[in-house]
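Novice: quick one, structure for this:
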Amino acid sequence: MKLYEVKNILKAEVLSGEELLNETVAGGGSADLTEDMLSAVAKGSVFLTGLHNTEFIRTAKIIGVSAIVFVRGKRPKQNIVDLARSFDMPILLTSYPMFVASGLLYMEGLRGLEGSW
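Specialist: Here you go, the predicted structure:
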C-alpha cells in the first residue's frame with residue numbers, strides 16, 4: 001500500500017514528509033508504549049501511536065519504520081516533527097482512535113508483518 005493511500009483512508013493531515021507519500025509501506029503496527037513497539041512493527045511498516053516523545057521517533061528510526069501516524073488527533077510538539085523530518089520519516093495525524101484507524105487500514109488490505117507480533 002502506498003503512503004498516500006494510508007493518508008486518504010485515515011483522512012490524515014501530513015505534518016512532514018509530503019514528498020514521500022508515493023512510497024510503499026510493507027505492513028503496519030500500533031502501540032502506545034515504546035517497548036511494545038519492538039514487537040508490534042517491522043522494517044518498512046507504518047506505525048500508529050498516540051505516544052509523543054523523541055525516544056519514540058528515535059526507536060522508530062532504528063527499527064526502520066517507514067512512517068508514523070499519530071492517532072486520536074493528538075498533535076505532536078514541533079521538536080518531534082522536526083526530528084522525524086531530519087530522519088526523512090513522514091508523520092501523519094488522524095482524528096481516528098487507534099483501534100478504528102488500525103481496522104480501517106486492515107479492511108483496505110494492510111496487514112502486520114510476520115514476525116512483528
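Novice: run through the bridge partners of the most centrally placed residue in the chain.
Specialist: By Cα atoms, centre = their mean, the mean C-alpha position of the chain lies nearest to residue 68, the distance being 2.2 Å. Taking DSSP bridges as the rule, residue 68 bridges to residue 47, residue 91.
Novice: which secondary structure element of this protein has the lowest mean pLDDT?
Specialist: The helix or strand of the chain with the poorest confidence is helix 34-40; it has a mean of 67 (mean pLDDT, DSSP states H and E).
Novice: ok, which stretches of the chain are helices?
Specialist: Counting by DSSP state H, the chain has helices at residues 3-9, 34-40, 54-63, 78-86, 98-107.
Novice: low-scoring stretches of this protein, by residue?
Specialist: Along the chain, segments meeting pLDDT under 70 span 35-40, 113-117.
Novice: dump stretch 48-63 to CSV, restricted to CA.
Specialist: Only the C-alpha atoms of stretch 48-63 are listed here, as CSV (Å, rounded to 0.1, in the frame of the first residue of the first chain):
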residue,chain,number,x,y,z
LEU,A,48,0.1,4.1,14.6
THR,A,49,0.5,5.6,18.0
GLY,A,50,-0.6,8.2,20.4
LEU,A,51,2.8,8.4,22.1
HIS,A,52,4.6,11.7,21.5
ASN,A,53,8.3,11.8,22.5
THR,A,54,11.7,11.9,20.8
GLU,A,55,12.7,8.5,22.1
PHE,A,56,9.8,7.0,20.2
ILE,A,57,10.9,8.7,17.0
ARG,A,58,14.5,7.5,17.5
THR,A,59,13.3,4.0,18.2
ALA,A,60,11.2,4.1,15.0
LYS,A,61,14.2,5.2,13.0
ILE,A,62,16.4,2.4,14.4
ILE,A,63,13.7,-0.2,13.6
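Novice: tell me which residues in it are buried?
Specialist: Under the neighbour-count criterion of 16 or more other Cβ atoms under 10 Å, stretch 48-63 has 48-52, 56-57, 59-60, 63 buried. Where you see a C-beta, it was placed from the backbone N, CA and C, and this is true even at glycine.
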